[in-house]
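Participant: structure of the sequence below:
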Amino acid sequence: MHHRYIVVEGSIGSGKSALSRRLAEYFDALHLTESPERNPFLEQFYLNAANHGLATELYFLMRRAEAVDLINAEEEKNERIIADFLLEKDQIFVPVVLNGSDPANEQTLFWQMKRKVMPEYPVPDLVIYLQTSDENAQKRLQKNGGGILNLFPSGYLSQIQDEYRRFFHLYQNAPLLIANADELDFINNDDHFEMLLRAMSDMQGSRHYLNLSEN
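Facilitator: You can find the predicted model right below:
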């Protein structure tokens, strides 16, 4: 397979971290993970979104800027990278997290900071978007999230899901494989994982949909 830099994306509870880890192991690739649990501002944001959103997003911005060097270094060695985040995913979260209407416009401040600190970044050879319903994302979080669902501000998960759908409906920066994560279990079902590998290998054009009912 010719893809060297692959990104697995999806909303909270989609299973993107587990899938990216399995793909990295399968391809013996560098696994680049955002590890949101390491963000020291994140829990404070969940408890008091109005006061901690900017710090939360700036922390993620700095870590993504650092990730650019790691990706470039692996690409120079012609090594494969599997990441569980898009470098431009702030376009999904910032409209939800930061207020863009007040005179003290935190959105504007964030984009100004991004222009200062974010270097030009590489474009993935392939993006895998795990599309899932709000209901199934909540079920996964209840099962695996260690109570994180209870920390979310009211309506937060639905807003993020909507922003993911909007973003990837318009996404054109890289070839996009949209996988139905409600039907397909890439972690516990080896047949489904093999189906994904074939779809990745056979990928043609800029957009492809992977559904169980069509295979």
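Participant: what's the worst-scoring helix or strand of the chain on mean pLDDT in contact with?
Facilitator: Scoring the helices and strands of the chain by mean pLDDT, DSSP states H and E places helix 134-144 at the bottom, with a mean of 80. Residues outside helix 134-144 that contact it (Cβ atoms under 8 Å, 6 or more residues apart in numbering): 11-15, 132, 148-149, 157-158, 161, 181-182. C-beta coordinates here come from the backbone N, C-alpha and C atoms, glycine included.
Participant: and the gap between the closest residue in space to Tyr46 that isn't next to it in sequence and Ser14?
Facilitator: With Cβ to Cβ, 6 or more residues apart in numbering as the criterion, Tyr46 has its nearest non-adjacent residue at 3.8 Å, and that residue is Leu151. Using Cβ to Cβ, to the nearest Å, Leu151 is found at 18 Å from Ser14.
Participant: tell me which of those two has more neighbours.
Facilitator: Ser14 (23 against 14; other Cβ atoms under 10 Å).
Participant: just checking, that one touches Leu157?
Facilitator: No. Ser14 lies out of contact with Leu157 (Cβ atoms under 8 Å); the separation is 11.2 Å.
Participant: who are the packing partners of the lengthiest helix in the chain?
Facilitator: Across the chain, the longest stretch assigned as helix under DSSP state H is helix 49-76. The contact analysis (3 or more Cβ pairs under 8 Å, 6 or more residues apart in numbering; DSSP states H and E) places helix 49-76 against strand 5-10, strand 30-32, helix 42-47, strand 81-83, helix 90-97, helix 106-117.
Participant: which SSE is immediately downstream of the longest one?
Facilitator: Secondary structure here is assigned by DSSP states H and E; on that basis, the next helix or strand after helix 106-117 toward the C-terminus is strand 126-131.
Participant: show me the shaky parts of the chain.
Facilitator: Low-confidence segments of the chain (pLDDT under 70): 1, 101-104, 144-150, 214-215.
Participant: quick check: Pro95 touching Glu163?
Facilitator: Yes. Contact status for Pro95 versus Glu163: in contact at 6.4 Å, counting by Cβ under 8 Å.
Participant: which of these two has more neighbours?
Facilitator: Glu163 (18 against 15).
Participant: so who does the nearest residue to the more buried one once chain neighbours are set aside touch?
Facilitator: Nearest non-adjacent residue to Glu163, counting by Cβ to Cβ, 6+ apart: Ile92, 4.6 Å away. Ile92 makes contact with 160, 163-164, 167, according to Cβ under 8 Å, 6+ apart.
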